[in-house]
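# Predicted model and sequence below, questions to follow.
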Amino acid sequence: MAATLKLVREGLGIELRRGTFHVLVDTNDVASIEWKEAIEVPIEPGHHTLQIKAGRYTSRIRSFDTAAGEIVDFRCNGARIWPLYVASIVKPDLAISLKRE
């Protein structure tokens with residue numbers, strides 16, 4: 001039985017880094033997500049990594065473990081404050097926030 005990765009792209013206020021985000025599980029592009037969208041992706045039970053990418057901009061890599069039938073929830077959004085947006089030009093993994101719920 002597969003597990004489920006649930007990802008919501010939503011935050012307070014506006015998103016300075018816009019457009020389609022790509023969802024990478026174990027470095028494989030498995031889905032895309034738009035602003036104010038929620039997706040569910042079936043994954044195999046076990047240890048995984050998750051990263052969100054938009055062009056050269058990314059989130060930090062998050063590791064997680066999951067069991068059969070389990071739902072793992074994450075929330076992501078693009079930079080919302082301009083200092084972080086500007087800093088992401090030099091350090092691209094600051095451009096997208098990714099947090100486990």
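Great, that's in hand.

# So what pairs up with the closest residue to Ala38 other than its chain neighbours in the strands?
Once flanking residues are discounted, Ala38 sits nearest to Val8: 4.5 Å by Cβ to Cβ, 6 or more residues apart in numbering. Placement of C-beta: from N, CA and C, glycine included. Here Val8 sits in beta bridges with Ala38, Arg75, as judged by DSSP bridges.

# Val8 - how many residues pack around it?
16 (other Cβ atoms under 10 Å).

# Was I right to think it contacts Trp35?
No: using Cβ atoms under 8 Å as the test, Val8 is too far from Trp35 to be in contact (10.8 Å).

# Taking the centroid of this structure, which residue is nearest it?
By Cα atoms, centre = their mean, the chain has its centre lying nearest to Ile52, at 3.9 Å.

# bridging residues for that residue?
Note on Ile52: beta-bridge partners by DSSP bridges are Val23.

# For it, give its distance to Ala68.
25 Å (Cβ to Cβ, to the nearest Å).

# re the thing from before, tell me if I'm right that the residue nearest to the centre of the chain and Phe21 touch.
Yes: Ile52 lies in contact with Phe21 (Cβ under 8 Å); the separation is 5.0 Å.

# Identify the contacts common to those two.
Applying Cβ atoms under 8 Å, 6 or more residues apart in numbering, one finds that Ile52 and Phe21 are jointly contacted by Ile33, Cys76, Ile96.

# Most neighbours out of the residues you listed, which is it?
Ranking these using other Cβ under 10 Å puts Ile96 first, with 23 neighbours.
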